[in-house]
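Asker: Take a look and give me a structure for this.
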Amino acid sequence: MAISAKISADEISAQVSQRFVNKYIEGMLVNAAGVSYSPGTTVDSTFLSFEVAEAAGYERQVFVYQGQDQTAYTDDGVGLATKGTIFAHDGSATAIDFSHAVLVWGTGNVAALDAATTDPTTGVDGVYTDLPTTTDGSGTGLTVDLTVANNVFVFSPSRFGRNYEIGDSVTILEATMEQAGAISAGDGLATMLVGAVSSNTEAGQIIAVAPTDNTVTLDNGNEAAFYWDFKLFGFAD
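Answerer: Okay, the predicted model is just below:
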């Protein structure tokens, strides 16, 4: 006789938390028309070798699940808040072609920045979002939000980037902040060190693959958006 087993709601919640909370995930585009991905059979690195080249505005999109993103047990499972990855074409003559959207475990994503070692001399009070950065390391994609209040500059990651290391120097150019309206010409740039990055022994392994019906072409400044929902199902007492 078959015996029905149940798992507690607390255990299901703990499994979701351990697996996803405070873990960084990188969204990417793959152009592999006619190629299917089969978990456990397809070699991840082979499939990911078809990733779209970084051109025409394409770069991986990174998100992180936090504690508040985890739902309570309901409808036979515990889920996570919907997360989006939006890939935008930069309007150049080069098109972006892709056939799959993919999620992989991330690494080297910037979790925190140390206090700036160099600040502009003066600033305009306000909040300025998604300012691009340069670095002396190999990381790419980090943008920061800047809050200016009474000539105090506070920087925090807004897009977490990838392949950064603790101690990398990050610079926000004077021209970048001037264009955003945060400073005036001649007020100087800002520099800071990366204080913390994500680390994951499963980095680069595929979490999910979403194939498109046909090859998609992004051009003329258009965007492609993908929204991801995860839920662990289990029958609880």
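
Asker: So which bits of the helix or strand in which residue 99 is found are buried?
Answerer: Taking DSSP states H and E as the criterion, residue 99 maps to strand 96-105. For strand 96-105, burial by neighbour count (16 or more other CB atoms under 10 Å) applies to 96, 98, 99, 100, 101, 102, 103, 104, 105. C-beta coordinates here come from the backbone N, C-alpha and C atoms, glycine included.

Asker: Low-confidence bits of the protein, can you list those?
Answerer: Within the chain, the segments meeting pLDDT under 70 span 1-5, 236-237.

Asker: Domain ranges for it, per the record?
Answerer: Per automatic domain parsing, the structural domains of the chain span 9-107+199-233, 110-196.

Asker: Return the residues in contact with the closest residue to residue 155 other than its chain neighbours.
Answerer: Sequence neighbours aside, residue 144 is the residue nearest to residue 155 in space, at 4.8 Å (criterion: CB to CB, 6 or more residues apart in numbering). Shown in contact with residue 144 (CB atoms under 8 Å, 6 or more residues apart in numbering): 113, 130, 131, 133, 155, 156, 157, 158, 170, 172.

Asker: at 10 Å instead, please
Answerer: Contact analysis of residue 144 by CB atoms under 10 Å, 6 or more residues apart in numbering lists 110, 113, 128-133, 154-159, 161, 170, 172, 176, 190, 192.

Asker: Neighbours of residue 72, how many?
Answerer: 8 (other CB atoms under 10 Å).

Asker: just checking, it touches residue 80?
Answerer: No - Residue 72 is beyond contact range of residue 80, at 11.8 Å (criterion: CB atoms under 10 Å).

Asker: Most tightly packed of the domains of the chain?
Answerer: domain 110-196 (a mean of 17; mean count of other CB atoms under 10 Å).
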